[in-house]
Structure formats: C-alpha cells, structure tokens
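1. dropping a prediction and its sequence here:
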Amino acid sequence: RSNEMFIAYDRAGSLGQSPWETPFGKVTSGLENVKNFYKGYGDMPPWGKGPKQGPIYKRGAEYIKKDFPLLDKFDTCSVQRMN
C-alpha cells in the first residue's frame, strides 16, 4: 500500500473538500526544512511539470527515480500522537 502526502506552504482553503484529501496534521517545527524541498518541477500537469498520478501508481518509485531524480524523499517517517 502506498500513500501520498501534500504539504501546503500557506493557507489552502480549497484543500480537504474532496474525499481523497484528508487533512491529518500540520508541520509544528522544522518548516524551514520543508521549504527547502526541491520545487523545480512544480505541480503535476497541467499546472506544472511534476509527476503524473497514473505513472506513479503504475510504475511506482522507479518512475520518480528515473523521470524526477531531483525530487526529495523521506527515508523514514514517524507519527507522534497528540492527546
């Protein structure tokens, strides 16, 4: 199973309106690191030159490695539950 995560750099009022867009958290520290992620490809087409959804699902990580070698990636990720 795979997942995609989207980080909005500013208010994005239209996000979270569709069933597949489920807000689940926020960056509480380290936003300066997030802002350093590679942005050269921009958004997915037609708004930018970033990865397309279909090939991501069909070809997976190999598609990203081959066609978008400059994208940053997470090596590890953890969840901290807030009470």
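-> Ah, there it is.

2. hey, which helix or strand in the protein has the poorest pLDDT?
-> Sorting the helices and strands of the chain by mean pLDDT, DSSP states H and E puts helix 31-34 at the bottom, at a mean of 86.

3. chain center to it: distance?
-> Helix 31-34 has its average C-alpha position 14 Å from the chain's average C-alpha position, going by C-alpha atoms, centre = their mean, to the nearest Å.

4. ok, then the element right after it?
-> Downstream of helix 31-34, the first helix or strand assigned by DSSP states H and E is helix 53-59.

5. could you pull out the buried residues of that next one?
-> Across helix 53-59, burial judged by 16 or more other C-beta atoms under 10 Å covers I56. Heads up, the C-betas are built off the backbone N, CA and C, glycines and all.

6. distance from the chain centre to that helix, please.
-> The chain centroid and the centroid of helix 53-59 are separated by 14 Å, computed with C-alpha atoms, centre = their mean.

7. now do that helix: everything it contacts.
-> 2, 4, 44, 63-64, 67 (C-beta atoms under 8 Å, 6 or more residues apart in numbering).
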